[in-house]
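1. quick one, what's the 3D model for this:
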Amino acid sequence: MIRPQLQQRLWKIQSRAESALRWFIKVNWISKRGGSHHLGAINQEGNNEHQRISLFIQRYALILCQYAQLLQLELQIKAENIETKLLRQKLRFAWTELLDYQECEAYVDSELVKSHQSKAGSGHKGLWYFPCEVLQQRAFYVTAQFYQIRGHLLEGEIGACLYIARYYYQQAIRCSLITQVEHSLLKRIIGKLASLNALAFSNKKVIESSYRLMQKFAIKQRSIQVVLELSNADSAIHETILSFVKFQIFEKLSPSDHFSLTTLRSGSQPFVSLPLEQKGFNTKFKRQQLNELYSVSPCPQTGYASRSLGQALRACLDAWEGESCSRVFKKGKTYRGPIKWMIAFVGPQRQDLIAIQSRLERLQCSLENINLIIIGLRIEDPELCCSYRELCHLTPEGHFVNLEPLEHEMSYFFQDNKQAERENIIEVLSLVEASIQLFDSKREPFIVEKIDFN
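-> Predicted structure coming up:
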């Protein structure tokens, strides 16, 4: 049986592709005419703008048509009245068209679309961005569906086809060419991988990673505690970190999420600026406290290792002990929330981590929802980096990153190391933001009208 929801979605995509083509014809007619009763006289700059918009809409319509073709293939794979060899030919043809499109001049990359959106403005009426990465992700998914459902009719071995299907499912979320992932399809892919692993590929690490990803769909609440080093010699990098904490972490939390902030000065003097509580409580006061954070001059390092970072992290664990946990039951599995993150920005000062490491080792069995991310700023001591890395790896999704650019690597791409370090930290902070986010499986609209009512 063909699912009515998928068939209805295919009809919507086809109708929207026809709508995009009508937009393309209309814009071309206006640009060729040279004037319009509702647009007024069009000068040379206006003609260039219309040509740019018409080219964008033409490319957008092409993407929608290819996406509709992949949806149609997905429907045909699940139908019983179409031969498997014919489906394989159609699948190869769809991949050929997709690869040819990526190599041609009409390819719409992310940078072009971002520039189009910035020029269009918030009051622009027209087509919303439909990323080409969605085509690639859908193509991998349809290919995996083919080998999982129909592959054994051609290859003869069910086990080999399941291996191939699992490979294409993994490529749909791991391929380096895919920079944006559709969450609704990601949820389906994780479910498919979990079923395949349960059948023939039992791997404990894969099963645990699939569980953690599905947990981000099921749980809708987060608890984030930030430990922030205020002593930073580079004011520009410090401002980048402060804006990340304010706008990418705090402002993106829901009112029911929990947040806390602890500050350090040259790796010591831990001070709880904001205790752990829901963001919705005293939100204006918390914004004011975050806006009043400033950089302080580094203090001279002493000969002994400080225990302040360990004390701050232990205080974070103590604050979570009194929190109530929620449970969500979905498809026979139990997911516990909220998902908890400790994010620490540390300097090059030496730290004694024995106490916090022993505590995390004792609690390792109960650290299902607690994760630790440490971001080092110019740490030159390799032993300290190893200690931070071992500490983070005691948690399920812990990571350590040291933001110290290498001169022989960065000099080819940047004029100075300061620029390289800023580019490096922006990239790392974007990965941190992606790691702590929760997933929403709702599909975004492919075409919308943005109307400025002001």
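
2. break the protein into its domains for me.
-> Annotated domains of the chain cover 1-130, 131-202, 220-436 [automatic domain parsing].

3. as a markdown table, those domains with mean neighbour count and mean pLDDT would be great.
-> Every residue, glycine included, has its C-beta placed from N, CA and C. Shown next, in a markdown table, are the domains of the chain (neighbours: other CB atoms under 10 Å; pLDDT from 0 to 100):
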| stretch | mean neighbour count | mean pLDDT |
| --- | --- | --- |
| domain 1-130 | 15 | 64 |
| domain 131-202 | 18 | 81 |
| domain 220-436 | 16 | 85 |
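
4. out of those, nearest to Met214?
-> Ranking those by proximity to Met214 (CB to CB) places domain 131-202 first, at 5.7 Å.

5. in a markdown table, list the domains of the chain along with distance to Ser209.
-> Shown next, in a markdown table, are the domains of the chain (distance: least, CB to CB, whole Å):
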| stretch | distance to Ser209 |
| --- | --- |
| domain 1-130 | 25 |
| domain 131-202 | 9 |
| domain 220-436 | 9 |
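
6. relative to Leu213, which of the ones you listed is closest?
-> Among these, domain 131-202 sits nearest to Leu213 (CB to CB), with 5.1 Å.

7. and the gap between Leu384 and Gly267?
-> 11 Å (CB to CB, to the nearest Å).

8. so how far is Gln269 from Trp341?
-> From Trp341 to Gln269 the distance is 23 Å (CB to CB).

9. which stretch of helix or strand covers Arg336?
-> Here Arg336, judged by DSSP states H and E, is contained in strand 333-337.

10. assign a three-state SS to Arg327, would you?
-> Assigned by DSSP: H, G, I helix; E, B strand; the rest coil, the conformation of Arg327 is strand.

11. what ranges does the stretch 51-200 of the chain have for its helices?
-> Applying DSSP state H, counting those that start in this stretch to the stretch 51-200 of the chain gives helices spanning 84-103, 110-120, 133-149, 151-155, 158-174, 183-199.

12. which elements pack onto the first one?
-> I take that to be helix 84-103. helix 44-78, helix 133-149, helix 151-155 (3 or more CB pairs under 8 Å, 6 or more residues apart in numbering; DSSP states H and E).

13. now Leu73. Nearest residue, chain neighbours left out?
-> Val142 (5.3 Å; CB to CB, 6 or more residues apart in numbering).

14. my guess is that neighbour contacts Ile77, does it?
-> Yes. Taking CB atoms under 8 Å as the definition, Val142 is a contact partner of Ile77 at 7.1 Å.

15. distance of Glu321 relative to Pro338?
-> Taking CB to CB, one finds Glu321 at 14 Å from Pro338.

16. if we can go back for a sec, which of the helices and strands packed on helix 84-103 sits closest to Phe244?
-> The nearest among the helices and strands packed on helix 84-103, by CB to CB, is helix 133-149 at 24.3 Å.

17. which strands or helices does that closest one pack on?
-> helix 44-78, helix 84-103, helix 158-174, helix 183-199.

18. what helices and strands are in contact with whatever helix or strand His238 lives in?
-> Counting by DSSP H and E, the element that carries His238 is helix 235-243. Counting by 3+ CB pairs under 8 Å, 6+ apart, the packing neighbours recorded for helix 235-243 are helix 417-436.

19. at 10 Å what do you get?
-> strand 222-229, helix 283-291, strand 339-346, strand 370-377, helix 417-436 (3 or more CB pairs under 10 Å, 6 or more residues apart in numbering; DSSP states H and E).

20. need the helices and strands packed on helix 84-103 in CSV with distance to Ala355, can you?
-> As requested, the helices and strands packed on helix 84-103 are exported to CSV (distance: least, CB to CB, whole Å):
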stretch, distance to Ala355
helix 44-78, 54
helix 133-149, 45
helix 151-155, 54
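
21. isn't Gln234 up against Ser295?
-> Just to correct that, residue 234 is Asp rather than Gln. Yes. Contact criterion CB atoms under 10 Å: Asp234 and Ser295 qualify, at 8.9 Å.

22. quick one on the thing from earlier: including distance to Ser223, could the helices of the stretch 51-200 of the chain go into CSV?
-> Formatted as CSV, the helices of the stretch 51-200 of the chain follow (distance: least, CB to CB, whole Å):
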stretch, distance to Ser223
helix 84-103, 41
helix 110-120, 32
helix 133-149, 31
helix 151-155, 44
helix 158-174, 26
helix 183-199, 22
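
23. between those helices, which gets nearest to Arg378?
-> So among the helices of the stretch 51-200 of the chain, helix 110-120 is nearest, using CB to CB, at 30.3 Å.

24. Gln437: neighbour count?
-> 14 (other CB atoms under 10 Å).

25. Ala172: what's it in contact with?
-> When contacts are counted by CB atoms under 10 Å, 6 or more residues apart in numbering, Ala172 touches 136-144, 178, 181-182, 185-186, 188-189, 192-193.

26. quick one: contacts for His70?
-> Residue 70: Leu, not His. Leu70 touches 10, 13, 91, 94-95, 97-98, 134-135, 137-139, 141-143, counting by CB under 10 Å, 6+ apart.

27. oh sorry, the question was meant for Leu242
-> Here Leu242 is in contact with Leu228, Leu230, Asn232, Leu290, Asn291, Leu293, Tyr294, Ser295, Phe345 (CB under 10 Å, 6+ apart).
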